[in-house]
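**Q** here is the input, now give the coordinates:
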Amino acid sequence: MKGALLVNLGSPDSTDTKDVKKYLKQFLMDERVIDEPLWLRTILVKGIILNFRPKKSAKAYKKIWWEEGSPLIVLSYRLLKKVSSMTSVPVALSMRYGNPSIKSGIQELVDKGVTEILLIPLYPQHAMASTETILVLADKIRNEFYPQVEFTNLPAFYNHKDYIRVLSNSIQNHLKDKKWDHILFSYHGIPERHIRKTDITKSHCKIDQSCCKTSSPAHKYCYRHQCYETTRQVAEYLELKDGSYSSSFQSRLAGQPWLKPYTDKVVENFAETGMKNMAIVTPAFVSDCLETLEEIAMEAKEDFIEKGGNEFHVVPCLNDDKDWVKTLSRWIDEWANIN
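**A** Below is the predicted model of the structure:
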């Protein structure tokens, strides 16, 4: 019997500092998030970051927390409920960090008699710290506890025609009555070294103006290329004029260089150079989370308006959008019907 497992990022169980600290510890100790030797990662995370970050992050979570709980968790369950009602096979939900765990999701499907699982990381673009860490952990759990279960991994869908159509229509629908001079496609930021580490050619990724545009096998796992390609295809679908859209990368830590340009700097520059109305979309996530709801919808908006901007429109993630639900459900059933 076949089944599907949706896997999202995760969230603390509550906004209590202890729960946030527990979540951040699991997240930051992941070797694919902070890819330093264990001894150094332990010093950085347990010796430094966890001494101040949980309290700050807890305040941020409190700003976006819903009565039902974490927005990302609530939205993920809404997606699960709708997808489950439209598919012919069982579907379960897991988080890479926090609850429900990947192990509990696999167990739920196994308890229903499932022996073949379509693993669906809810990230359009492939990155070491998102898709890859899900696949690696899922394989580890399967090998240890469920050797009888077979996995099929849904590939990155950043350029799938169905995804591009659904994302484009969502952007168009949310902005149809809005004033905007520019659309900024803001993606989750990662260290530049992650791009080089995932370069299967070991030579293509220069992180310059040409490597992401030059065809290469490296693009299969290149997050930067996949982000720019998502932007390009959506712009083409929506027939956006050159100069009316661009890409940037949000969230970064101090130290080594991260992917540029930085969203906060781009937004600030837009306002300071006279732009009055802008829109922003965050296609690295399919579910709204702390990063989209607080960093973008609150902090970036505040910065833009403080620097002289007028209107700052945030396009929500796809969340449980009906067309996204139909698309995801169809992908699952198409896989389930393969003999």
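**Q** all contacts plus neighbour counts: C-alpha atoms, from now on.
**A** Will do.
**Q** what about the strands in the stretch 51-200 of the chain?
**A** 91-98, 116-121, 150-153, 182-188 (DSSP state E, counting those that start in this stretch).
**Q** can you put those in JSON lines and add distance to residue 166?
**A** Listed next are these as JSON lines, based on distance: least, CA to CA, whole Å:
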{"stretch": "strand 91-98", "distance to residue 166": "21"}
{"stretch": "strand 116-121", "distance to residue 166": "17"}
{"stretch": "strand 150-153", "distance to residue 166": "21"}
{"stretch": "strand 182-188", "distance to residue 166": "15"}
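**Q** I'd like those laid out as JSON lines, including mean neighbour count, mean pLDDT and distance to residue 169.
**A** Formatted as JSON lines, the strands of the stretch 51-200 of the chain follow (neighbours: other CA atoms under 10 Å; pLDDT from 0 to 100; distance: least, CA to CA, whole Å):
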{"stretch": "strand 91-98", "mean neighbour count": "23", "mean pLDDT": "98", "distance to residue 169": "26"}
{"stretch": "strand 116-121", "mean neighbour count": "22", "mean pLDDT": "98", "distance to residue 169": "22"}
{"stretch": "strand 150-153", "mean neighbour count": "15", "mean pLDDT": "97", "distance to residue 169": "26"}
{"stretch": "strand 182-188", "mean neighbour count": "23", "mean pLDDT": "98", "distance to residue 169": "14"}
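**Q** quick one: closest of the ones you listed to residue 107.
**A** strand 91-98 (9.4 Å; CA to CA).
**Q** and stretch 193-206, what's buried?
**A** 194, 195, 196, 198, 199, 200, 204, 205 (16 or more other CA atoms under 10 Å).
**Q** roughly how far apart are the nearest residue to the fourth one once chain neighbours are set aside and residue 335?
**A** Sequence neighbours aside, residue 221 is the residue nearest to residue 198 in space, at 6.2 Å (criterion: CA to CA, 6 or more residues apart in numbering). Remark: distance between residue 221 and residue 335 (CA to CA, to the nearest Å) = 22 Å.
**Q** higher neighbour count, these two?
**A** The neighbour count for residue 221 versus residue 335, taken as other CA atoms under 10 Å, is higher for residue 221 (21 against 15).
**Q** how about the closest residue to residue 320 other than its chain neighbours, what does it touch?
**A** Among residues not flanking residue 320 along the chain, residue 79 sits closest, at 4.8 Å (CA to CA, 6+ apart). Contact analysis of residue 79 by CA atoms under 8 Å, 6 or more residues apart in numbering lists 319, 320, 325.
**Q** which one of the residues you listed has the most neighbours?
**A** Result: residue 325 is most packed of the contacts of residue 79 (other CA under 10 Å), 23 neighbours.
**Q** output the helix or strand hosting residue 329 as PDB, nothing but the C-alphas.
**A** Using DSSP states H and E, residue 329 maps to helix 322-336. C-alpha atoms of helix 322-336 as PDB (Å, rounded to 0.1, in the frame of the first residue of the first chain):
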ATOM      1  CA  LYS A 322      -7.200  25.600  -3.300                       C
ATOM      2  CA  ASP A 323      -5.200  25.400  -6.600                       C
ATOM      3  CA  TRP A 324      -2.100  24.400  -4.600                       C
ATOM      4  CA  VAL A 325      -4.100  21.700  -2.800                       C
ATOM      5  CA  LYS A 326      -5.400  20.300  -6.100                       C
ATOM      6  CA  THR A 327      -1.900  20.300  -7.600                       C
ATOM      7  CA  LEU A 328      -0.200  18.600  -4.600                       C
ATOM      8  CA  SER A 329      -3.100  16.000  -4.500                       C
ATOM      9  CA  ARG A 330      -2.700  15.300  -8.200                       C
ATOM     10  CA  TRP A 331       1.100  14.800  -7.800                       C
ATOM     11  CA  ILE A 332       0.400  12.300  -5.000                       C
ATOM     12  CA  ASP A 333      -2.200  10.300  -7.000                       C
ATOM     13  CA  GLU A 334      -0.200  10.300 -10.200                       C
ATOM     14  CA  TRP A 335       2.700   8.700  -8.200                       C
ATOM     15  CA  ALA A 336       0.300   6.300  -6.400                       C
END
